[in-house]
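**Student:** Sequence plus the predicted model coming up.
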Amino acid sequence: MPRLIPEHVLEDIQDRLDIVEIISGYIPLKKAGRNFRALCPFHGEKTPSFMVNPIKKIYHCFGCGAGGDVFGFVMKYEKVEFPEAVKILADKAGVLLPEKPIVSEETSSLITSIYKANELAAHYFHGVLTKTDRGETGRKYFEQRQLSEELVKEFRLGFACSKWDGFLSYAKQKDFSLDSLEKAGLVLRKSQSEYYDRFRNRVVFPIFDLKSKVVAFGARTCDSSLPKYINSPETQIYTKGKHLYGLNFSKTEIMDLDQAVIVEGYLDFLTPYQSGVKNVVASLGTALTTDQVRLLKRYSSKVVMVYDGDSAGEAATLRGLDILIQEDVGVRIVNLEKGHDPDSFIKGNSVEKFKGLIDKADTLFDYKLGLLLRKYDPDSVEEKVAIANEMLPTIAKVNNSILKSEYIKRLSEKLNCKEEALLLEMGKVKTQAYAFEREIEKYSPKKIKRIAEKILAGIMLDDKHTAKTVMERLTPEEFREPQIRTVIEEIYEMTKSGKIASSNKIILKMTDESTQQMIAELAIAANVVIDKDKSIDDCIKSIKKENLKEEIDILQTKLKISHGSSDDGKTNELLEQYNKLIKEYKIWS
C-alpha cells in the first residue's frame, strides 16, 4: 500500500533537515572530505566505514550495507516503522502533520481502479490461455512444465497473445480508461494518444497479496528470447520487494509446520507446491529483502532456502542469509546439484528426495563454509585469510552469543588457527570503503558483465546533470539488471518532468529497503569517478556491447537448431539477423 503521507510533505521534511545534524545526535561523526564518517551503529566494527553525505542527504555503511535517507536511518536506529520515523523528524523540522493521515479521495479512487484493472487482466489472460486458440503456445508451455489444469486454474495462470493491443482492446470494451490501465502498469504509452500492451506473447503469472487480490504480474517467454521475464512496475498497490509469491496460498501450511521453504521463481514454487510441498514461497527474484523476511516472520521464524544450484543461486542465497540472520530467523540451506533448480530437481528425481534434502538441509555455517572450502585452499595461508574474511561478517551478524561462539570455535578448527585471532579479525573485516568498481560488484550475480550499469547509475545519482545525456543514448530496457532498471526509470521520469533526480529524492520514492541501500551506496561510491564524461561513454559502450553479445549468443543457438531442419527460409532469416548484429557489435567494439 502507498505511504499515507503526501510526497511533498516528506520532501519538505527532508529539505529542512541537515542529515549530518540528525545522525550526529545519535552517533559522533567526523569530517572526511566531502563526507562525514563514523563507526557504524548497526554492526560491530573498529575501523569507521559508515559514511554520511550532507549534500546528497544520504548515508551508507561500506561494512554491513545499511544505507538510505534520514527517514531510513531513524527507522533503523530507533527500531520504528516509517510513520513513527516521519513524526520524529517532522517535529525536528517544524513541519505539522495531520493527526490522521488520510488517503485522498483521488488516491483512493486510483487504488480501486488499479485493483479492478488487475482483476480484469488476470481474467483476460487466463481466458486466453484456457479458452482460445491464441493460448495454444501457453498451454503447450505449461504442459511441457508438467503443470496440471487444476494448478493452472488455482493460480489463475494465463497467456498474453502476440497482438500489440490484445488486452488493451478487451479493456476498452469494458470501459476502462487508458489512464487507469497505464497506472496499473498494464499498458505502455507509445505517443500522446497511442498505447500498447506491456505483456505480449508470454505466459503470465498473477502476483497476489495476502488477501489473494491481484497486485501485479510476471510474464515469461516460452522460448529463449530476451528479456526472459517482464514484470509489472511499482504501482500504488504494488511495491517490489514487499511481496512473496504464493504466500497467500501457503501461509496456513507454513504456520502449521512452523517452517517456510524459500525458492526463487514462479516455477520453482509451482512444481513443489503441486507435488505436495505446500509450505513454500518464492522471493520473486534473486534478492531476498528485509521486508519479505519480516512478512514471512508473521507465520514462522524458521526458514529453509532452496535456490538454484549455480553461481547466481549461490550468490542469491548468501545475500539472503545475512538478512535472515539480522532478522533473527533460523535458517538452513539446501545445496542443490549444479544445473538444478527446485523445478528440475523434483522432475528429475522425486518429491520425496526433495523433501529429504529439506530435512537434511545445512546450517548457514556449514553451507557457507562448504562453498568457501571449494573456492579456496585452507592449507594456503593467504587463502585461509580469504575464507576467514568471508565467514566472519556472517558470523558477526548472529545475535545469539552462544551460537556465535560455537561458530568461531568450529571455524578455528577448520582453519587450524586460534579463536582469539578470529575474534580479533571479526571486528574489522570488510569495513574499508573500497573503490567504486569493486564495491558495487556485489549487486549482480554476473559481476563483471553488468558492472557498467552500476557505474553509470552511480554517476547519474551523483550528478543530476548527466541524466539527459544518458537518456539520449540508452532506453531503460537496455539496463538488464532489474533493480538498476527501476532506479533508471525513476531518474528518467523525474528528468522528463523537469524535476531534479537527486539520490535522496529517489530513495524517498523507493519503499524497498535493499533498493534504498543500493542507491545510497552507488551515489556515495561514485565520488571516486574522476572523468565522468569518459566513464559515461565507456559504460554506454559496454552496455551496448553486452546486450548485443547476449542477442548474438541466442541467435547462434537458434542457428544450430535451424541448420538441423529443412527450413532454409528460416535459416536465411536468422543468418541475416546474425550478420546484422555482428556488424553492429563491431561498431561498439
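**Tutor:** Looks like it arrived, so ask away.

**Student:** D256: helix or strand, and which one exactly?
**Tutor:** helix 247-257 (DSSP states H and E).

**Student:** Give me the contacts around that helix.
**Tutor:** With Cβ atoms under 8 Å, 6 or more residues apart in numbering as the test, helix 247-257 has contacts from 154-155, 208-212, 260, 273, 278-281, 295-296, 299-300. Glycine gets a C-beta too; all of them are placed from N, C-alpha and C.

**Student:** Tell me the helix or strand right after that helix.
**Tutor:** strand 260-263.

**Student:** Need the buried ones from the contacts of helix 247-257 selected in PyMOL.
**Tutor:** In PyMOL, a selection of the buried entries from these looks like this (16 or more other Cβ atoms under 10 Å):
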select buried, resi 155+208+209+260+273+278+279+280+281+295+296+299+300
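
**Student:** give me the low-pLDDT residue ranges for the protein?
**Tutor:** Along the chain, the parts satisfying pLDDT under 70 run over 1-4, 98-105, 285-287, 309-320, 428-449, 528-530, 561-570, 589.

**Student:** any idea how it splits into domains?
**Tutor:** Segmentation of the chain into domains, based on automatic domain parsing, reads 7-93, 105-231, 247-369, 376-426, 432-589.

**Student:** ok, back up a step: got the buried residues for the helix holding D256?
**Tutor:** 247-251, 253-254.

**Student:** Stretch 118-136 now?
**Tutor:** 118, 120-126, 128-130, 134-135.

**Student:** same deal with stretch 393-401?
**Tutor:** 393-398.

**Student:** Ok, stretch 482-490 next?
**Tutor:** 483-490.

**Student:** want to throw these into TSV with secondary structure and distance to I587?
**Tutor:** Formatted as TSV, those follow (DSSP: H, G, I helix; E, B strand; the rest coil; distance: Cβ to Cβ, whole Å):
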residue	secondary structure	distance to I587
Q483	helix	29
I484	helix	24
R485	helix	24
T486	helix	29
V487	helix	28
I488	helix	23
E489	helix	27
E490	helix	30
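
**Student:** quick check, nearest of those to G265?
**Tutor:** Nearest to G265, judged by Cβ to Cβ, of the buried residues of stretch 482-490 is Q483 at 15.9 Å.

**Student:** I figured the closest one was touching T515, is that so?
**Tutor:** Yes - counting by Cβ atoms under 8 Å, T515 is a contact partner of Q483 at 5.8 Å.

**Student:** number of nearby residues for the nearest residue to D308 once chain neighbours are set aside?
**Tutor:** Leaving aside its chain neighbours, D308 sits nearest to D341 (4.4 Å; criterion: Cβ to Cβ, 6 or more residues apart in numbering). As a burial measure, D341 scores 20 neighbours (other Cβ atoms under 10 Å).

**Student:** D341 and V263: what is the separation?
**Tutor:** The spacing between D341 and V263, counted by Cβ to Cβ, to the nearest Å, is 8 Å.

**Student:** can you check G158 too?
**Tutor:** Taken as Cβ to Cβ, the span from G158 to V263 is 21 Å.

**Student:** ranges for the helices of the stretch 401-550 of the chain?
**Tutor:** 401-415, 419-426, 436-439, 451-462, 467-471, 482-496, 503-509, 513-525, 532-563 (DSSP state H, counting those that start in this stretch).

**Student:** before we move on, the earlier item: which one's more surrounded, G158 and V263?
**Tutor:** V263 (29 against 26).

**Student:** tell me the contacts of the more buried one?
**Tutor:** Contacts of V263 (Cβ under 8 Å, 6+ apart): 269, 272, 280-283, 306-307, 341-342.

**Student:** Check A501 too.
**Tutor:** So A501 contacts 460-461, 464, 467, 490-491, 494-495 (Cβ under 8 Å, 6+ apart).

**Student:** Just the closest of these to D291, please.
**Tutor:** E490 (18.3 Å).

**Student:** what's around T571, how many residues?
**Tutor:** 17.

**Student:** Am I right that it sits in a helix?
**Tutor:** Yes - assessed by DSSP: H, G, I helix; E, B strand; the rest coil, T571 belongs to a helix.

**Student:** any idea how far it lies from L559?
**Tutor:** In terms of Cβ to Cβ, T571 sits 7 Å off from L559.

**Student:** T107 too?
**Tutor:** In this view, T107 and L559 are 52 Å apart by Cβ to Cβ.

**Student:** what's the answer for A117, then?
**Tutor:** 41 Å.

**Student:** which of these two has more neighbours?
**Tutor:** With neighbours defined as other Cβ under 10 Å, A117 and L559 compare such that A117 has more, 25 against 15.

**Student:** what about the more buried one, which SS state?
**Tutor:** Quick answer, by three-state DSSP: A117 is helix.

**Student:** Leaving out the residues flanking it, which one is nearest to E551?
**Tutor:** Here the residue nearest E551, using Cβ to Cβ, 6+ apart, is L581, at 5.7 Å.

**Student:** that older thread, spit out the residues that contact Q483 and T515 alike.
**Tutor:** When Cβ under 8 Å, 6+ apart defines a contact, no residue borders Q483 and T515 alike.

**Student:** For K586, state which of the contacts of V263 is nearest.
**Tutor:** Distances from K586 to these, taken by Cβ to Cβ, are shortest for D341, at 36.0 Å.

**Student:** Surely the closest one touches P272?
**Tutor:** No - D341 lies out of contact with P272 (Cβ under 8 Å); the separation is 10.5 Å.

**Student:** could you pull out the helices for the stretch 51-200 of the chain?
**Tutor:** Ranges of helices within the stretch 51-200 of the chain are 70-78, 82-93, 105-131, 136-144, 149-154, 166-173, 178-183, based on DSSP H, counting those that start in this stretch.

**Student:** which residues are contacting the first one?
**Tutor:** Applying Cβ under 8 Å, 6+ apart, the external contacts of helix 70-78 come out as 10, 14, 17, 19, 22-23, 26, 41-42, 57, 59, 66, 68, 80-82, 84-86, 88-89, 507-508, 513, 516.
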